[in-house]
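Chemist: requesting a structural model of the entry that follows:
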Amino acid sequence: MGKEIGNLDSYLGYLREIKKYSAHTVKAYGIDIRQFCHYFDENKLSVNKNTIRDFLASVYAQRKSKATVARKIYAVKSFYGFLVRTGVLKNNPLEGTGTPKLDRKIPQILTESEMLEFLDALPEKNFLQLRNKALFEFLYATGLRISELTELKTGDVHFGERLVRVMGKGKKERLVPFHEQAAGILMRYLQCLRSEMSYQGDRVFVNSRGGALSQRSVERILPQVYRLLSGSSRPIYPHLLRHSFATHLLQRGANLRVIQELLGHANLATTEKYTTLNFGDLLKTYKKFHPRDNP
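Modeler: Predicted coordinates for the structure are as follows:
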């Protein structure tokens, strides 16, 4: 497996720089691929359909979830596809290897009232508080991925048209609108950034030292701020605001394909998971109209 593992850093760099995968995903793929290579080296096996089947059996024996197994298969298959495209190998031995059918999970969200109460309660008495308010308001206003948000530059934000230019996965560019309230908060934050921090750079969101704000920092800050303001210990993470953004638009009647474009999803099937989130509306309708609930 020397030829394969020797190209792993190049592949992970491709995921980071070209595919724009999150640091968490890149790390997980690296672990999955190293595990795969270690299994074949330790057992002195060549990679073919039978030995791949044995590897997957060993993964299932560890009682891993279907999602974990599917990710491992995809990570290794994608890695071998990269090796074929770059001329390292001639064939992808995982071509045709299927993934387990996943149970459809409903993404967690905040309700509209929970979301607005949180945003309205955010203070802005100092620079960091104002930055956090602008950060979370803009995240919910646009539904951006956290990687897209932290990489924003001031030249990407057009206040006149209230549009932000986003470079998404696979270097696919899209324009996303944002509302007037988010524009006002973001403008106050940027004015504060230049006056109080004397910031001369081009990043929109920065840390307390004027450096680029990292994804990991946002993942740490959001639950801390939410817990402080709400007193709730429920798990909160940046992608939950993206889920909430999409769900609230859908519940108010937005077209699914418009939401797909706003989120930057390559496939409509990825966006369709939000159609499962109208359970509350479904339940209300059922109780209102079913004869047994309305004798």
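
Chemist: drop to CA atoms for contacts and neighbour counts, all remaining ones
Modeler: Will do.

Chemist: gap between the two ends of stretch 96-112?
Modeler: 43 Å (C-alpha to C-alpha, to the nearest Å).

Chemist: quick check: the residue positioned nearest the centre of the chain vs Lys153, distance?
Modeler: The residue lying closest to the centre of the chain (C-alpha atoms, centre = their mean) is Arg145, at 4.9 Å. Counting by C-alpha to C-alpha, the separation of Arg145 from Lys153 is 15 Å.

Chemist: please apply the same query to Gln129.
Modeler: Gln129 is 20 Å from Lys153, where distance means C-alpha to C-alpha.

Chemist: Gly184: neighbouring residues, count only.
Modeler: 12 (other C-alpha atoms under 10 Å).

Chemist: tell me the mean pLDDT over the host helix or strand of it?
Modeler: Secondary structure from DSSP states H and E places Gly184 in helix 180-196. Mean pLDDT, helix 180-196: 93.

Chemist: list the buried residues in whatever helix or strand Ala67 lives in.
Modeler: Using DSSP H and E, Ala67 falls within helix 66-85. Across helix 66-85, burial judged by 16 or more other C-alpha atoms under 10 Å covers 68-83.

Chemist: how close does Tyr29 sit to Gln181?
Modeler: Distance from Tyr29 to Gln181, by C-alpha to C-alpha: 39 Å.

Chemist: gap between Leu15 and Arg220?
Modeler: 23 Å.

Chemist: can you list the low-confidence ranges for the stretch 151-295 of the chain?
Modeler: Applying pLDDT under 70 to the stretch 151-295 of the chain flags the ranges 269-270, 273-295.

Chemist: quick one, strands of it?
Modeler: Ranges of strands within the stretch 151-295 of the chain are 157-158, 163-167, 173-177, based on DSSP state E, counting those that start in this stretch.

Chemist: can you give me the mean pLDDT across stretch 91-101?
Modeler: Stretch 91-101 comes out at a mean pLDDT of 81.

Chemist: which residues does that stretch contact?
Modeler: 47-49, 52, 66-67, 69-70, 73-74, 76-77, 80-81, 84 (C-alpha atoms under 8 Å, 6 or more residues apart in numbering).

Chemist: distance from it to the middle of the chain?
Modeler: The chain centre lies 25 Å from the centre of stretch 91-101; the measure is C-alpha atoms, centre = their mean, to the nearest Å.

Chemist: in that stretch, which residues are buried?
Modeler: Buried residues in stretch 91-101, counting neighbours by 16+ other C-alpha under 10 Å, are found at 92-94.

Chemist: do the same with stretch 50-62
Modeler: Across stretch 50-62, burial judged by 16+ other C-alpha under 10 Å covers 52, 55, 59.

Chemist: quick one: the helices in the stretch 1-150 of the chain?
Modeler: 2-5, 8-17, 23-42, 49-61, 66-85, 112-121, 127-142, 146-150 (DSSP state H, counting those that start in this stretch).

Chemist: among those, which is nearest Arg194?
Modeler: Comparison of those against Arg194 by C-alpha to C-alpha identifies helix 127-142 as nearest, at 10.7 Å.

Chemist: the inter-axis angle of the closest one versus helix 112-121?
Modeler: 150 degrees (axes from the mean of the first three to the mean of the last three C-alpha atoms, to 10 degrees).

Chemist: what is the mean pLDDT for helix 127-142?
Modeler: The model assigns helix 127-142 a mean pLDDT of 96.
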